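*Asks:* using only what follows, build the 3D model:
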Amino acid sequence: MRVVATAGHVDHGKSTLVRALTGMEPDRWAEERRRGMTIDLGFAWTTLPSGGTVAFVDVPGHERFVPNMLAGVGPAPAALFVVAADEGWMPQSAEHLAALHALGVAYGLLVVTRADLADPGPALARAGAEIAATSLGHVEAVAVSAVTGAGLPELRAALDRLAARLPDPPADAPVRLWVDRSFTITGSGTVVTGTLGGGRLAVGDHLELAGTGEQVRVRGLHRLGVARDRVDAVARVAVNLRNVPRDRLGRGEALLTPGRFGRTDLLDVRVTGEPAADLPATLTLHVGSAAVPARVRTLGVDTVRLRLARPLPLLVGDRALLRDPGRHLIAGGVTVLAVAPPPLTRRGAAAAR
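*Replies:* Just a heads-up that it's a prediction; the model follows:
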């Protein structure tokens, strides 16, 4: 299976496109269907011409729901970037692209929708140029109409080619499943869902809760709605846990391979984007499906120390982003350099560090 997150401005047809590709309704809430606007994450999947499977994480495009969008794209290895032919490049197009660039997403497709309403050429040219200047680089582009079906066969073929390019994660990687949804099933208990980016899960496995370190046991697994004894990455997965109250497993929690991740609320990172000295004193760190307030201390031109409001299970080399929610601005991407940095107690210690 491959997992792809949508991205793009509000009302540019992301959910309509996913619906046309999969025959499934990605908008889970009645309020979303009533308003015709995605508010939270949606999920759907389809079989590609090659026989492979692609699962979509459909994200909201409105600026008020950017934290929800980031929870969806954070763990996803690829993006389906959507721009409408009749509106072209818009403000949330730019913010969503900045988020993908900050997270270092390197695989994707450009889809210009509503090609039955306007010439897709200008939107293809502008969006292609904007995307080419980011971590995604030059991406394949397809113009479609979800209403008439024009371009959908070409898009399916392009998704097949994208899937073939995506690297396979190492099978022995530790599990770090960022939770993006939790709910209760009568008679079964708590279920969480997320994108399994590495390793494998099996019924009976013992995992750690990132928030507390306590161990939990996997009671059951579902992959694309079908019960499985084992699920290998990359996959959308639902995990049924024994004797864990739902209120302990909200979005931003993570299930971990025991003993493989430390939890830290203090880390040193390298920043891309705004100069370190220009960053506000407080920002929000988005990593995986988590969003955590962070205090910023400048170390150098492109390095800062972050003090998090709560510990997170992070490793050296992890990619994340910093966002200023007050200015609705992606301040920059970060690469984790140290998860147990030394204290800065003497004059000049920050500059020396």
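*Asks:* got a list of what the spatially closest residue to residue 172 that is not a sequence neighbour touches?
*Replies:* Nearest in space to residue 172, with sequence neighbours left out and distances taken as C-beta to C-beta, 6 or more residues apart in numbering, is residue 199 at 7.1 Å. (C-beta placed from N, C-alpha, C; glycine too.) Residue 199 makes contact with 169, 171, 172, 173, 174, 175, 233, 257 under the criterion C-beta atoms under 8 Å, 6 or more residues apart in numbering.
*Asks:* kindly report the same for residue 268.
*Replies:* Under the criterion of C-beta under 8 Å, 6+ apart, the contact partners of residue 268 comprise 299, 303, 304, 305, 306, 336, 337, 338, 341, 353.
*Asks:* which residues touch residue 183?
*Replies:* Applying C-beta under 8 Å, 6+ apart, the residues contacting residue 183 are 190, 191, 246.
*Asks:* same question, residue 234
*Replies:* By C-beta under 8 Å, 6+ apart, the contact set of residue 234 is 1, 2, 3, 77, 166, 168, 169, 195, 196, 197, 198.
*Asks:* the chain: helices as residue ranges?
*Replies:* 14-22, 30-35, 66-73, 91-103, 121-132, 152-165, 349-352 (DSSP state H).
*Asks:* tell me which of those helices lies nearest to residue 144.
*Replies:* Comparing the helices of the chain by their distance to residue 144 (C-beta to C-beta), the top pick is helix 152-165, with 5.5 Å.
*Asks:* list the buried residues of that closest one.
*Replies:* Counting neighbours by 16 or more other C-beta atoms under 10 Å, one finds that the buried residues in helix 152-165 are 152, 155, 156, 158, 159, 160, 162, 163.
*Asks:* check stretch 78-95 too.
*Replies:* Neighbour counts over stretch 78-95 (16+ other C-beta under 10 Å) mark 78-85, 87-90, 92-93, 95 as buried.
*Asks:* equivalent analysis for stretch 212-226, please.
*Replies:* Of the residues in stretch 212-226, 216, 218, 219, 220, 221, 222, 223, 224 count as buried by neighbour count, 16+ other C-beta under 10 Å.
*Asks:* among these, name the ones in strands.
*Replies:* Among those, the subset assigned to strands under DSSP state E consists of 216, 218, 219, 220, 221, 222, 223.
*Asks:* pLDDT weak spots in the stretch 201-350 of the chain?
*Replies:* Regions of the stretch 201-350 of the chain meeting the criterion pLDDT under 70 are absent.
*Asks:* can you do 80?
*Replies:* Confidence mapping of the stretch 201-350 of the chain against pLDDT under 80 gives the ranges 246-248.
*Asks:* ok, residue 350 - contacts?
*Replies:* Residues counted as contacts of residue 350 (C-beta under 8 Å, 6+ apart) are 297, 298, 299, 305, 344.
*Asks:* show me which of those residues are buried.
*Replies:* Buried subset of the contacts of residue 350 (neighbour count, 16+ other C-beta under 10 Å): 297, 298, 299, 305.
*Asks:* give me the number of residues near the closest residue to residue 138 other than its chain neighbours?
*Replies:* Nearest-residue entry for residue 138: residue 132, 5.0 Å, with adjacent residues in sequence omitted and distances by C-beta to C-beta, 6+ apart. One way to gauge burial is a neighbour count; for residue 132, by other C-beta atoms under 10 Å, it gives 12.
*Asks:* distance of residue 132 relative to residue 216?
*Replies:* The span separating residue 132 from residue 216 equals 44 Å under the rule C-beta to C-beta, to the nearest Å.
*Asks:* in this structure residue 12 contacts residue 89, no?
*Replies:* No. With contact defined as C-beta atoms under 8 Å, residue 12 does not count as touching residue 89 (10.2 Å).
*Asks:* tell me where the stretch 151-300 of the chain has strands.
*Replies:* Counting by DSSP state E, counting those that start in this stretch, the stretch 151-300 of the chain forms strands over residues 176-178, 181-185, 189-196, 200-202, 206-209, 215-223, 226-228, 230-232, 235-241, 254-256, 263-273, 282-287, 290-298, given from the N-terminal end onward.
*Asks:* what comes up buried for the last one?
*Replies:* Spelled out, that is strand 290-298. Residues of strand 290-298 classed as buried by neighbour count (16+ other C-beta under 10 Å): 290, 291, 292, 294, 296, 297, 298.
*Asks:* centre of the chain to that strand, how far?
*Replies:* 18 Å (C-alpha atoms, centre = their mean, to the nearest Å).
*Asks:* partner strands of it and their direction?
*Replies:* Taking DSSP bridges as the criterion, strand 290-298 pairs within the sheet with strand 282-287 (antiparallel), strand 303-313 (antiparallel).
*Asks:* just to revisit the earlier point, which neighbours do residue 12 and residue 89 share?
*Replies:* Counting by C-beta under 8 Å, 6+ apart, the shared contacts of residue 12 and residue 89 are residue 83.
*Asks:* residue 287 and residue 210: what is the separation?
*Replies:* Residue 287 sits 11 Å away from residue 210, taking C-beta to C-beta as the criterion.
*Asks:* thank you kindly, that will do.
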